[in-house]
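Asks: Please find the sequence and the predicted model below.
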Amino acid sequence: MLHRKQPGSGKGRTSFRLFSLLLLIAVLSILIIPLFPTLVIRDNETNRIVWSSRIEENSTFQIRWTHSIHRSPVVETYLIQNGQILLSELTFQDYGIGMESELAPGEQLISQDGQFRIVNMNRVFPALHLFIGQVRANHTLLFAGGEIPLASLDQPGAAVTIQVEKRSILNEIGGY
């Protein structure tokens, strides 16, 4: 007695069902897995993330560094808006070489308590690119009440990029 295959059965049907299931899982994962704005620091040479943390819209962070000529601290204050980084304030002790020499419209220079502050800045950057100081710059990220020396994240002299990325919990777990 010969057995005949039923139409719609066999390897082709099983492969189609498996493909459909995987496609459904992929689509649901994209729709269900939320993306969070995350402040990310990447090593430019390897594109490896050396540090990241979630950040809310309109949150601020600062980068403090020591001016190589004046040897005094400079603090740049940044605001997160629409996934971009906005330089909102600059604080420094000595006005001279390498410091802002002109104000953009709406900016104000304030001299107070032995410090200069440029406020009402509105300079937008999709990303910040910098080299981690090797001698005295001591670039430090001031974030959420903590101080993170960039030299503790990557080698002094390394080029890094600081930017806001939309990342999921899966990105954090997988580390990519």
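Replies: Received the coordinates, thanks.

Asks: mind checking the SS state of residue 24?
Replies: State at residue 24, reduced to three classes by DSSP: H, G, I helix; E, B strand; the rest coil: helix.

Asks: Tell me how far it lies from residue 106.
Replies: Note on residue 24: its distance to residue 106, by Cβ to Cβ, to the nearest Å, is 52 Å. Any C-beta I mention is one placed from the backbone N, CA and C, and that applies to glycine too.

Asks: Show me the strands in this structure, by range?
Replies: With DSSP state E applied, the chain shows strands at 35-43, 49-54, 60-66, 73-81, 84-92, 108-112, 115-119, 123-125, 127-131, 140-143, 146-149, 159-168, listed in chain order.

Asks: elements contacting the longest one?
Replies: Yep, that's strand 159-168 we're talking about. When contacts are defined as 3 or more Cβ pairs under 8 Å, 6 or more residues apart in numbering; DSSP states H and E, strand 159-168 sits against strand 35-43, strand 49-54, strand 84-92, strand 127-131.

Asks: ok, residue 73 - how many residues close by?
Replies: Using other Cβ atoms under 10 Å, residue 73 has 16 neighbouring residues.

Asks: For residue 49, grab the count of nearby residues.
Replies: So residue 49, with other Cβ under 10 Å, has 18 neighbours.

Asks: ah, wrong one, I meant residue 88
Replies: If you count neighbours by other Cβ under 10 Å, residue 88 ends up with 18.

Asks: Distance of it relative to residue 62?
Replies: 10 Å.

Asks: Give the intersection of the neighbour lists for the two.
Replies: 77-78 (Cβ atoms under 8 Å, 6 or more residues apart in numbering).
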